[in-house]
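Peer 1: return a 3D structure for these sequence lines:
(one chain, ligands or ions: 2)
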Amino acid sequence: MPNPTSGHPDSLGPVTSGVPKKIRTPRVAKSKFDAVTKAGVVATAAPADAQFSFNLKPADIAKHLNRFVIGQREAKKVLSVALCDHFQHVRMTLEGQAAPFYQKQNVLLLGPTGVGKTHLIRSAAELIGVPFVKADATKFSETGYVGGDVDDLVRDLVRRAGGDVKKAEHGIIYLDEVDKLATRGDGGGRDVSGRGVQTNLLKLMEDGDVPVVSPNDMTGQLQTAMSSMRGAGGVQPETINTRHILFIVSGAFSGIDKLVWQRLGSKNKQSLDQLIAQTSTADLISYGLEPEFIGRLPVRVACHGLDTDDLFNVLRKSESSLIHQYERAFAAYGIKCEFKDDGLRRLAELAADEKTGARGLMTICERVFRDLKFQLPSSRVKKFAVTDKLVASPELTLKQLLKSRR
Ligand SMILES: Nc1ncnc2c1ncn2[C@@H]1O[C@H](COP(=O)(O)OP(=O)(O)O)[C@@H](O)[C@H]1O
Ligand SMILES: [Mg+2]
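Peer 2: Ligands and ions are numbered 1, 2, ... in the order given. A predicted model of the protein is given here:
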């Protein structure tokens, strides 16, 4: 695995300059800062010492993303620009250069499942070092009685910012599966409450104030009342303003290609990727999203499907490749597991047939390595290679391995 902090300084490019060291090792940061909060929201905190400072350029962000995410060039470009625009705007505002007509660059990412939408956002948020929360839109309901209330997302940002409201006000909220909020059309969307959730999100996406303590949280209310009676804790804002919180939403929008196809009325055959890339506001409305909701997501970009070559590169080149997990798991028993290119290619081919993007890699690897993981730790085998042959017939290869060491 390439070491991100070694090599000639020029080869690093400006990606790492000005970025606190801690944030350069995302996998460590993940385990350290991730938490599942009350609403089932997975939240990643910025390191507690990270102050808001922003000196990255779009190419710096794209370069960082290249280390973890294979392909998705357009998405990387668009996302990098939107993030830079947003945080440069915030920085300038904090420095007193107001821009009263600035429109927030909230982002909508669409594309099939397992192609890196979540992976992109998470990797970018880690680089920037702002508080970040991720949740599935399906968790929320209009009233907040079932599931959660969208305001909880904003409160979770405060939690991730270690209680620092000001820091939370510059965070990123990432909402996945927004296509499930569609209320009509071909999307097979859910009931009308999806529309209610969209409406509740609207005010947050623009400029809303959310009470720091939820009105439903009786204990929290009581604690606030007590501490204000005691005059403890200094002046803590009672509300969180969402003006500078960036919203990024994503969804698979399966079936939207048919709406695009109908709208285009074109006779030429087009691939799924080509059709999805041409999704317009009208298509998203026909799919069942509210025009006001879509209108607050001005930056839109599609992620493409991953073919066998892409999946091979996900395994071979991405720093977050699944193969490191397997190498580690075997290394724990003193077994060296060496991945060969022909083995990786065969894994990628099998995963492509699953049609679930890079998630197919996990399915295939789990199946291929199941018996090896069970039996090798108690055997005398200290080393094995993951070849085309092993992937094609793991049981037979395991038998041969065990025999050769007896
Ligand atoms: N383009 C990609 N490059 C590298 N890894 C990827 C890519 N797409 C998906 N993955 C891997 O697959 C996992 C699932 O992808 P995810 O980003 O959650 O998919 P989705 O597009 O459905 O949000 C990620 O955690 C990552 O390990
Ligand atoms: Mg996702």
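Peer 1: name the nearest residue to the residue in the chain positioned nearest to ligand 2, ignoring sequence neighbours.
Peer 2: For the chain, the residue closest to ligand 2 is Thr118, as judged by Cβ to the ion, at 3.4 Å. All C-beta spots, glycine's among them, are computed from the backbone N, C-alpha and C. Spatial nearest neighbour of Thr118, excluding adjacent residues (Cβ to Cβ, 6 or more residues apart in numbering): Asp176 at 6.2 Å.
Peer 1: which residues touch the one you found?
Peer 2: 117-118, 134-137, 249-251 (Cβ atoms under 8 Å, 6 or more residues apart in numbering).
Peer 1: domain map for the chain?
Peer 2: Annotated domains of the chain cover 9-302, 308-404 [automatic domain parsing].
Peer 1: looking at the ones you listed, which has the lowest confidence?
Peer 2: Among the domains of the chain, domain 9-302 carries the lowest mean pLDDT, a mean of 79.
Peer 1: give me the distance between that domain and the centre of its chain.
Peer 2: For domain 9-302, the distance from its own C-alpha centre to the chain's C-alpha centre is 9 Å (Cα atoms, centre = their mean, to the nearest Å).
Peer 1: repeat that for stretch 392-406.
Peer 2: Centroid separation for stretch 392-406 versus its chain: 39 Å, with Cα atoms, centre = their mean.
Peer 1: for that stretch, output the C-alpha coordinates as CSV.
Peer 2: Output in CSV follows, covering the C-alpha atoms of stretch 392-406 (Å, rounded to 0.1, in the frame of the first residue of the first chain):
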residue,chain,number,x,y,z
ALA,A,392,-12.3,-20.3,-9.5
SER,A,393,-12.1,-23.2,-7.1
PRO,A,394,-11.4,-22.2,-3.5
GLU,A,395,-12.4,-25.6,-2.0
LEU,A,396,-10.0,-27.6,-4.2
THR,A,397,-7.1,-25.1,-3.7
LEU,A,398,-7.7,-25.3,0.1
LYS,A,399,-7.5,-29.1,0.0
GLN,A,400,-4.3,-28.9,-1.9
LEU,A,401,-2.8,-26.3,0.4
LEU,A,402,-3.6,-28.4,3.5
LYS,A,403,-2.2,-31.5,1.9
SER,A,404,1.0,-30.0,0.9
ARG,A,405,1.8,-28.8,4.4
ARG,A,406,0.9,-32.0,6.3
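Peer 1: dump the contacts of Asp176 into CSV; add neighbour count and secondary structure as well.
Peer 2: Output for these, formatted as CSV (neighbours: other Cβ atoms under 10 Å; DSSP: H, G, I helix; E, B strand; the rest coil):
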residue, neighbour count, secondary structure
Lys117, 28, helix
Thr118, 15, helix
Lys134, 22, strand
Ala135, 24, strand
Asp136, 16, strand
Ala137, 22, helix
Val249, 26, strand
Ser250, 25, strand
Gly251, 25, strand
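Peer 1: which of the residues you listed come close to ligand 1?
Peer 2: Residues of the contacts of Asp176 in contact with ligand 1 (Cβ under 6 Å from any ligand atom): 117-118.
Peer 1: ok, and does the longest helix along the chain reach over to ligand 1?
Peer 2: Counting by DSSP state H, the longest helix found in the chain is helix 73-94. No. Counting by Cβ under 6 Å from any ligand atom, ligand 1 is not contacted by helix 73-94; separation bottoms out at 9.1 Å.
Peer 1: CA atoms only: put that helix into CSV for me.
Peer 2: This file holds the C-alpha atoms of helix 73-94, laid out as CSV (Å, rounded to 0.1, in the frame of the first residue of the first chain):
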residue,chain,number,x,y,z
ARG,A,73,-13.9,11.7,-12.6
GLU,A,74,-16.9,14.0,-13.2
ALA,A,75,-18.2,13.5,-9.7
LYS,A,76,-14.8,14.2,-8.2
LYS,A,77,-14.5,17.4,-10.2
VAL,A,78,-17.9,18.7,-9.5
LEU,A,79,-17.8,17.8,-5.8
SER,A,80,-14.4,19.3,-5.3
VAL,A,81,-15.5,22.6,-6.9
ALA,A,82,-18.7,22.7,-4.8
LEU,A,83,-16.8,22.0,-1.6
CYS,A,84,-14.2,24.6,-2.3
ASP,A,85,-16.8,27.2,-3.3
HIS,A,86,-18.7,26.6,-0.1
PHE,A,87,-15.9,26.7,2.3
GLN,A,88,-14.1,29.6,0.6
HIS,A,89,-17.4,31.5,1.0
VAL,A,90,-17.6,30.5,4.6
ARG,A,91,-14.1,31.6,5.2
MET,A,92,-14.5,34.9,3.5
THR,A,93,-17.8,35.5,5.4
LEU,A,94,-16.0,34.8,8.7
